[in-house]
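Peer 1: With the sequence up front, the predicted model follows.
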Amino acid sequence: MYWSLNPGAIGIRLPLPEILPLARATGFAGVDINIVEVADLVAQQGLGAVQALFQEAGVRLGSWGLPVDWRGATERWRAGLADLPRLADLAVALGARRCVTWVPPASDERPFAENFAWHVERLQPIAEVLRAAGCRLGLEFIGTPSLRRTRRYPFLYTQDGMLDLARAIGTGNVGLLLDSWHWYTSGGTLADLHRLTAADIVAVHLNDAPAGVPLDELQDNARCLPGETGVIDLAGFLQALQAVGYDGPVAVEPFNQAVSALPPAEAARATAESLRRVWQRAGLPLPVA
């Protein structure tokens, strides 16, 4: 496992040439990227110049968000799908083979069985394009109970449910974007994690939950840095990942206003320190940046 800086998740809005040395200076070995922004930079400067940015900073790529509006109108899904081969090939050229997206935990339009089939229809062609390019697709289940209560039809919101969808897609390159927040809020257990294999996990997000808030009242956009409260058993979470052989990026996505308000270098340092804290609590050797 290695630490990957997700700049947008902690309020950092800087161009890539500034983010990469910042990540390195604050202890991150990787950076999660917006592949569309990187493609624009490549169009301006050339692929070799962008590759050199990563090499000079000594930073690898973590995961990249799926640049296809697959949840929206059919026309937008098809347009994004048509452009995906270009972006996937670019990601691979830069060494980024882990693509991620999230799956809504409920729907107002489709009952469960219909919604399951719809998700397979939308995601299977995407997974096929990614497989052809040599990429994996990580699906994030959303466990936060408050997000399910606002919709008419519940959908997948657990680890096992999302793995069922991955198997139904059937392309062999689909697994989980595993977020400790959603694992906790969905009622996940350490035993659930130990049933996974490294092949089941594409990417990982690490977050803590605020203290003193009942699980059913937690709000998805009000999280804490890892280890800040100890509400989520992140030591056990990391130990389970280590035990199943996960070796990919671990990013922090706290949606925390206090962190996002910090200057970029301070936000990155605070995030790295939170990772250091939970790594030490888990008794794991610190990753080499």
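Peer 2: Nice, thanks for sending it over.
Peer 1: Strands along the stretch 1-150 of the chain, start to end?
Peer 2: Assigned by DSSP state E, counting those that start in this stretch, the strands in the stretch 1-150 of the chain fall at 2-5, 30-33, 60-65, 98-103, 106-107, 136-141.
Peer 1: Export those strands as TSV, with columns for mean pLDDT.
Peer 2: TSV is the format used below for those (pLDDT from 0 to 100):
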stretch	mean pLDDT
strand 2-5	98
strand 30-33	97
strand 60-65	97
strand 98-103	98
strand 106-107	97
strand 136-141	98
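Peer 1: got those as a markdown table, with mean neighbour count and distance to Leu156 columns?
Peer 2: No exception for glycine: its C-beta is placed from N, CA and C like everyone else's. A markdown table is the format used below for those (neighbours: other Cβ atoms under 10 Å; distance: least, Cβ to Cβ, whole Å):
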| stretch | mean neighbour count | distance to Leu156 |
| --- | --- | --- |
| strand 2-5 | 24 | 25 |
| strand 30-33 | 25 | 23 |
| strand 60-65 | 22 | 19 |
| strand 98-103 | 22 | 6 |
| strand 106-107 | 18 | 9 |
| strand 136-141 | 24 | 6 |
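Peer 1: Is it possible to get CSV of these that adds distance to Leu225?
Peer 2: Formatted as CSV, those follow (distance: least, Cβ to Cβ, whole Å):
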stretch, distance to Leu225
strand 2-5, 13
strand 30-33, 16
strand 60-65, 18
strand 98-103, 20
strand 106-107, 28
strand 136-141, 19
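Peer 1: Between those, which one is closest to His182.
Peer 2: Of all these, it is strand 136-141 that lies closest to His182, at 5.7 Å by Cβ to Cβ.
Peer 1: Can you name every helix or strand that that closest one contacts?
Peer 2: strand 98-103, helix 112-133, helix 159-169, strand 174-179, strand 201-206 (3 or more Cβ pairs under 8 Å, 6 or more residues apart in numbering; DSSP states H and E).
Peer 1: now the angle from it to strand 60-65?
Peer 2: Angle of strand 136-141 versus strand 60-65, following axes from the mean of the first three to the mean of the last three Cα atoms, to 10 degrees, is 60 degrees.
Peer 1: Centre of the chain to strand 136-141, how far?
Peer 2: 8 Å (Cα atoms, centre = their mean, to the nearest Å).
Peer 1: what comes into contact with it?
Peer 2: Strand 136-141 is contacted by residues 63, 66, 97-103, 105, 123, 126-127, 130, 156-159, 161-162, 165-166, 173-179, 182, 186, 201-203, 205 when judged by Cβ atoms under 8 Å, 6 or more residues apart in numbering.
Peer 1: Just the buried subset of these, written out for PyMOL, thanks.
Peer 2: Selection of buried members from the contacts of strand 136-141 for PyMOL, criterion 16 or more other Cβ atoms under 10 Å:
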select buried, resi 63+66+97+98+99+100+101+102+103+105+123+126+127+130+156+157+158+159+161+162+165+166+173+174+175+176+177+178+179+182+186+201+202+203+205
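Peer 1: who are the neighbours in contact with the closest residue to Gln51 other than its chain neighbours?
Peer 2: Take Gln51 and drop its neighbours on the chain: the residue closest to it by Cβ to Cβ, 6 or more residues apart in numbering is Leu94, 6.4 Å away. Leu94 is in contact with Ile33, Val38, Val50, Gln51, Phe54, Leu61, counting by Cβ under 8 Å, 6+ apart.
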